[in-house]
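Peer 1: here is a sequence with its predicted model. Questions after.
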Amino acid sequence: MRPDKTELAALADLLANTWPDPSKPVALKPHQFPQNRFEAYFVQDRMFDALNESLAGWKVGATSAQMRALDGHDDIIPGRIASSTCYVGTHMTLPIARFPNARVETEFAFRLTETPELRKTPWRAEDMAEIMTLHPAIEIIGNRYQVEGASKAQNSLLTIADNGGGMAFVFGDPVDDWQDLDFQHHNITLRVDDKAAAENFLGDMRCVPAQAAADLVNHLASRNISMQADDFLSTGAATVPQPFVAGSTVHADFGTLGVIELTF
């Protein structure tokens, strides 16, 4: 049975209530699932409104065709970056209580130097490259819900509803001269404690970050949403997500782009 707006609003409120303490995820039944992207965006938008949070920027996942095929997404997966869980720095200690059962992944992110105006002509990768500064980044990902037996398509919609699975972001130092970097083959060493380094998503598994940025801006424009100058924008996983626990140290070496180290 298709949820009505009342049920979708109730789902948004459940997810918002779980935001401060994701250690108690909401158990969802199929009748609560959004049935399409329009409904999933409705839930995500309402959840963020209910949080009364300020916005630090946007994230986008499933940014390569190979990644979409792997995870069962039919388009990019947008989500908001909340100011309260947006951190800027290269060596930081973060509260483990905010991130139970979460994982870390490295990403190529940007900060906008200008506002990408809403316009009829879609933004292109080369257009976005002119108004962005690169930042190496770590996303902390996790879910505020639990489900059993959901299909890939249902999980895709639930991921959108739950803010794209985004819990927090850490942005490293800015990099001005980045336009000639071969992002799809740039190796990143991500380690949690003494475990083996995470596998990189390389080649066709990894997006072209400036194109992912353009895809996100164009997607938001279709919903009459505009990003602003100084907003952060992150472009999807570059390495396989890794779990961490209380006391863990996360070390991400982006080579020439810098290092980020976190402790929990």
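Peer 2: It's in.

Peer 1: show me where this protein has its strands.
Peer 2: Remark: strands assigned in the chain by DSSP state E are 26-27, 55-61, 77-82, 86-88, 91-93, 103-112, 132-141, 145-146, 166-171, 189-192, 232-237, 242-243, 249-253, 259-263.

Peer 1: can you give me the mean pLDDT across the third one?
Peer 2: In this case it means strand 77-82. Mean per-residue pLDDT for strand 77-82: 97.

Peer 1: before we move on, what about the fourth one?
Peer 2: Here the mean pLDDT over strand 86-88 is 98, rounded to a whole number.

Peer 1: residues in contact with it: which ones?
Peer 2: 56-57, 94, 168-171, 232 (CB atoms under 8 Å, 6 or more residues apart in numbering). The way it works is simple: take the backbone N, C-alpha and C, and place the C-beta from them, glycine included.

Peer 1: ok so, going back, now the strands of the chain in TSV, with mean neighbour count and distance to Ala198?
Peer 2: Compiled in TSV, the strands of the chain are given as follows (neighbours: other CB atoms under 10 Å; distance: least, CB to CB, whole Å):
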stretch	mean neighbour count	distance to Ala198
strand 26-27	14	29
strand 55-61	22	16
strand 77-82	22	20
strand 86-88	17	20
strand 91-93	12	19
strand 103-112	24	8
strand 132-141	24	11
strand 145-146	16	25
strand 166-171	24	16
strand 189-192	19	4
strand 232-237	25	10
strand 242-243	16	5
strand 249-253	20	9
strand 259-263	19	13
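
Peer 1: so which of those comes closest to Arg46?
Peer 2: strand 77-82 (12.0 Å; CB to CB).

Peer 1: list the strands paired with the closest one, with their directions.
Peer 2: Next to strand 77-82 in the sheet, as set by DSSP bridges, lie strand 55-61 (antiparallel).

Peer 1: so for the partner strand, mean pLDDT?
Peer 2: Rounded mean pLDDT across strand 55-61 is 97.

Peer 1: same thing with stretch 235-253?
Peer 2: For stretch 235-253, the mean confidence score works out to 98.

Peer 1: got the CA positions of that stretch in PDB?
Peer 2: The C-alpha trace of stretch 235-253 is given here as PDB (Å, rounded to 0.1, in the frame of the first residue of the first chain):
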ATOM      1  CA  THR A 235      31.100  13.700  -4.500                       C
ATOM      2  CA  GLY A 236      30.900  10.100  -3.200                       C
ATOM      3  CA  ALA A 237      33.000   7.300  -1.900                       C
ATOM      4  CA  ALA A 238      36.600   6.900  -3.200                       C
ATOM      5  CA  THR A 239      37.400   3.900  -0.900                       C
ATOM      6  CA  VAL A 240      35.400   1.100   0.600                       C
ATOM      7  CA  PRO A 241      33.700   2.200   3.900                       C
ATOM      8  CA  GLN A 242      35.400   1.000   7.100                       C
ATOM      9  CA  PRO A 243      33.900   0.400  10.600                       C
ATOM     10  CA  PHE A 244      35.300   2.100  13.700                       C
ATOM     11  CA  VAL A 245      34.700   1.900  17.400                       C
ATOM     12  CA  ALA A 246      35.400   3.900  20.600                       C
ATOM     13  CA  GLY A 247      39.100   4.500  20.800                       C
ATOM     14  CA  SER A 248      39.700   4.100  17.100                       C
ATOM     15  CA  THR A 249      42.100   6.200  15.100                       C
ATOM     16  CA  VAL A 250      41.300   6.800  11.400                       C
ATOM     17  CA  HIS A 251      44.200   7.800   9.100                       C
ATOM     18  CA  ALA A 252      43.500   8.900   5.600                       C
ATOM     19  CA  ASP A 253      46.500   9.800   3.400                       C
END
